[in-house]
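Participant: I would like to see how this sequence folds:
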Amino acid sequence: MDADIGVVVVSYQSLATIDDCLARLRDAVGVAAIRVVDNDSTDGTVAVIQRHAVADPRVQFIANPDNAGFAVACNQGAAAIAAQAPSCRWLAFVNPDALVEVDTLSRLRQLALQRRAAGVDVLLGVDLVDEAGTRDPAARRRAPDFLAMLGGFAAGLRGRRPGSRAALALQPDDGAELQPVEAISGALMFLARARFERIGGFDEAYRLHAEDLDLCRRLAADGVELAVANRVRVVHVRGVSSRSNPWFVEWHKHRGLWRYFRKFEAAQRGVGVRALVFALIWARFPFAVVRAMLRSRT
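Facilitator: Alright, predicted model coming up:
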């Protein structure tokens with residue numbers, strides 16, 4: 001089958017993994033173009049990207065003068081593929097800490113083609129694991145549960161924080177090749193380029209986090225099936241970029257969750273409910289920062 005997959009990688013302070021990530025993508029079957037968008041890294045990431053670009057004409061990069069945010073950078077990469085490699089019918093958004101195998105993307109393409117033959121377009125995620133093989137609960141997700149947030153912190157009392165990975169996680173269904181979900185992880189997302197363009201790409205009002213949930217919700221509303229390819233496994237070295245500034249990450253994570261609520265649910269809720277959701281999201285923020293800082297030191 002022809003190479004018709006365009007890959008977008010957004011990097012920021014990704015020196016620990018970007019070399020391995022790009023080497024694997026260059027070896028991956030079906031890849032026609034790789035566009036790396038760097039959000040002003042200062043740790044040597046850009047030098048590694050440049051080395052790959054010199055060695056492989058499929059690799060090109062955009063060096064942003066500041067950190068424009070994940071959604072903006074993803075859209076930049078997708079637009080570059082559309083303009084410079086229009087034969088790419090498929091898009092794969094791959095985090096710099098996601099390490100694909102040689103057949104990862106071609107297997108996803110085959111699964112997407114099978115669903116298309118049945119009249120369905122899909123957004124596909126993968127079975128994400130860490131370096132030890134432990135599954136990432138963020139791979140299979142529900143949409144954020146704001147009603148649970150309002151039950152007197154009922155979800156929190158059960159150890160399930162609305163918007164957290166634990167609260168949103170779905171159990172793997174290993175008997176299903178494709179497991180339907182409400183949202184997939186932004187660590188690796190695979191879909192038809194035409195579908196991505198049809199909904200206008202990522203919402204650039206999100207700076208960091210929740211833009212993947214937003215994309216999933218809009219694609220589902222447009223008739224796209226969301227599923228995880230349970231037999232396609234990818235190692236995800238979590239938190240490589242996030243460790244550099246936990247406060248920044250948590251601020252934008254909570255800001256993104258509030259935007260998601262305002263965009264999709266606030267109109268159906270009363271003023272009191274909206275105020276409570278706002279208060280509970282931001283009441284959680286300082287505790288989330290402390291947890292993130294403690295994790296970054298381990």
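
Participant: Three-state assignment for Val235, please.
Facilitator: When classified by DSSP: H, G, I helix; E, B strand; the rest coil, Val235 comes out as strand.

Participant: might you report the residue contacts of the closest residue to it other than its chain neighbours?
Facilitator: Counting by CB to CB, 6 or more residues apart in numbering, Leu99 is the residue found nearest to Val235 once chain neighbours are left out, at 4.5 Å. All C-beta spots, glycine's among them, are computed from the backbone N, C-alpha and C. Going by CB atoms under 8 Å, 6 or more residues apart in numbering, Leu99 touches 17, 20-21, 24, 234-237.

Participant: now Arg255
Facilitator: Going by CB under 8 Å, 6+ apart, Arg255 touches Arg207.

Participant: again, only using 6 Å
Facilitator: By CB atoms under 6 Å, 6 or more residues apart in numbering, no residues touch Arg255.

Participant: what do you get for Gly200?
Facilitator: Counting by CB under 6 Å, 6+ apart, Gly200 touches no other residue.

Participant: quick one, phi psi at it?
Facilitator: Torsion angles at Gly200 (phi, psi; degrees, to the nearest 10) stand at phi 90, psi 20.

Participant: quick one: find the helix or strand in the chain with the lowest mean pLDDT.
Facilitator: Least confident element among the helices and strands of the chain, by mean pLDDT, DSSP states H and E: helix 154-157 (a mean of 45).

Participant: can you put the contacts of Leu99 in CSV and add neighbour count and pLDDT?
Facilitator: Compiled in CSV, these are given as follows (neighbours: other CB atoms under 10 Å; pLDDT from 0 to 100):
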residue, neighbour count, pLDDT
Thr17, 21, 98
Asp20, 15, 99
Cys21, 27, 99
Arg24, 18, 99
Val234, 24, 99
Val235, 20, 98
His236, 25, 98
Val237, 18, 95
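
Participant: out of the residues you listed, who's nearest Ala73?
Facilitator: Distance to Ala73 across those (CB to CB) is lowest for Cys21, with 15.0 Å.

Participant: quote the end-to-end distance of stretch 2-16.
Facilitator: End-to-end distance of stretch 2-16 (CA to CA, to the nearest Å): 32 Å.

Participant: quick check: the residue minimising distance to the centre of the chain vs Ser106, distance?
Facilitator: Nearest to the mean C-alpha position of the chain, by CA atoms, centre = their mean, lies Gly186 at 1.0 Å. Distance, Gly186 to Ser106, by CB to CB, to the nearest Å: 21 Å.

Participant: same question, Lys263
Facilitator: Separation of Lys263 from Ser106 (CB to CB): 35 Å.

Participant: just Leu257 next, same as before
Facilitator: Distance, Leu257 to Ser106, by CB to CB: 35 Å.

Participant: just the strands from this structure, written as ranges.
Facilitator: Under the criterion DSSP state E, the chain contains strands at 5-11, 31-38, 59-63, 90-94, 98-99, 122-129, 140-141, 178-180, 183-184, 188-192, 225-236.

Participant: pull up the pairing partners for the third one, direction included.
Facilitator: I take that to be strand 59-63. The pairing partners recorded for strand 59-63 under DSSP bridges are strand 31-38 (parallel).

Participant: and the contacts of the partner strand?
Facilitator: With CB under 6 Å, 6+ apart, strand 31-38 has contacts from 3-11, 25, 46, 49, 58-63, 73, 76-77, 80-81, 85, 88.

Participant: save the contacts of Leu99 as TSV, and put in distance to Pro137 too.
Facilitator: Shown next, in TSV, are the contacts of Leu99 (distance: CB to CB, whole Å):
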residue	distance to Pro137
Thr17	21
Asp20	24
Cys21	22
Arg24	24
Val234	15
Val235	16
His236	12
Val237	16
